[in-house]
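[1] Turn this into a model:
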Amino acid sequence: MTIRVLIVDDQMMVREGFSVLLNAMEGIEVAGEAVNGREAIAQVAALKPDVVLMDIRMPEMNGLEATREIVAADTDAKVLVLTTFDLDEYVYQALRAGASGFLLKDASARQLADGVRVVAAGEALLAPSVTKRLITEFSKLSDTRSQVGSAAVAELTERETEVLVLIAQGLSNAEIADRLIIAESTIKTHVSRILVKLGLRDRTQAAVFAYETRLVTPA
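    I've put the predicted structure just below:
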């Protein structure tokens, strides 16, 4: 199936550049563009894209506010945040708001396309160059483990908790299956149950939850 992408950025050259790169990739189609968050929300409703490439800093409505509204609308679109700043404070807030991934704008065409595919498939995506620092930042911002988070974790089975920890460590379903020596299909079932029990949107949110509740801490 073709992955339909909405590109959201206030700079025309950036939008056109990403559009050319992605349209040249097999299985990916740019469905539309938006110049700010407000227009992005309208375009998501009209075009129903699979993935939204979302810039953070834009006029009228920034990417953070737009991400919150898109996620709150319970659409199927996954938001992939793009930014020039690897430690932009908005990146942390965007992930909390429901963004499914995060990439720097200097990513190669192949990394961009792979990122779109990963997010569309429901996997977590954090730029390797900043993942460790991002995780550390989440831990700093979570001084105490919330009672709500603790209660939610208690609802998980021992195996589900084990899978959640491995998700937070960045392992894919296949890698988790190899680590636990069980079928990948079984891992997919565990992941689905974890998301339902914790009321989370995707694997990225599961990873954030694991660090914020101190189920996992940076090495």
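[2] mind checking the SS state of residue 15?
    helix (DSSP: H, G, I helix; E, B strand; the rest coil).
[3] Distance check, the residue positioned nearest the centre of the chain against residue 187.
    Among the residues of the chain, the one closest to the centroid is residue 100, at 1.3 Å (C-alpha atoms, centre = their mean). To residue 187, residue 100 is 19 Å away according to C-beta to C-beta, to the nearest Å. The C-beta positions use only the backbone N, C-alpha and C, and glycine is treated the same way.
[4] Over to residue 104?
    Note on residue 104: its distance to residue 187, by C-beta to C-beta, is 29 Å.
[5] ranges for the strands of the chain?
    3-8, 28-34, 51-55, 78-83, 101-104, 125-126 (DSSP state E).
[6] any chance of those in TSV, with mean neighbour count, mean pLDDT and distance to residue 163 too?
    Converted to TSV, these look like this (neighbours: other C-beta atoms under 10 Å; pLDDT from 0 to 100; distance: least, C-beta to C-beta, whole Å):
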stretch	mean neighbour count	mean pLDDT	distance to residue 163
strand 3-8	25	96	26
strand 28-34	19	96	29
strand 51-55	28	94	25
strand 78-83	26	87	21
strand 101-104	24	81	20
strand 125-126	23	66	18
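[7] thinking again about what came up before, tell me how far the residue nearest to the centre of the chain lies from residue 208.
    Using C-beta to C-beta, residue 100 is found at 11 Å from residue 208.
[8] Same question for residue 178.
    Using C-beta to C-beta, residue 178 is found at 24 Å from residue 208.
[9] which stretches of the protein have low pLDDT?
    Along the chain, segments meeting pLDDT under 70 span 85-91, 124-150, 217-219.
[10] In contact with the residue nearest to the centre of the chain, which residues are there?
    Residues in contact with residue 100 (C-beta atoms under 8 Å, 6 or more residues apart in numbering) are 78, 79, 80, 119, 122, 124, 125, 201, 202, 204, 205.
[11] I'd say the last one and residue 98 touch.
    Yes: distance between residue 205 and residue 98: 6.8 Å, which falls inside the contact criterion (C-beta atoms under 8 Å).
[12] how close does the residue nearest to the centre of the chain get to residue 122?
    8 Å.
[13] shared neighbours, these two?
    Residues within reach of residue 100 and of residue 122 at once, by C-beta under 8 Å, 6+ apart, are 78, 202.
[14] So what's the residue count around the closest residue to residue 75 other than its chain neighbours?
    What sits nearest to residue 75 in space, not counting adjacent residues and going by C-beta to C-beta, 6 or more residues apart in numbering, is residue 44, at 5.8 Å. As a burial measure, residue 44 scores 24 neighbours (other C-beta atoms under 10 Å).
[15] Equivalent analysis for residue 95, please.
    Neighbourhood size, residue 95 [other C-beta under 10 Å]: 23.
[16] For the spatially closest residue to it that is not a sequence neighbour, give its distance to residue 12.
    Nearest residue to residue 95 in three dimensions, chain neighbours excluded: residue 208, at 5.7 Å (C-beta to C-beta, 6+ apart). Distance, residue 208 to residue 12, using C-beta to C-beta: 33 Å.
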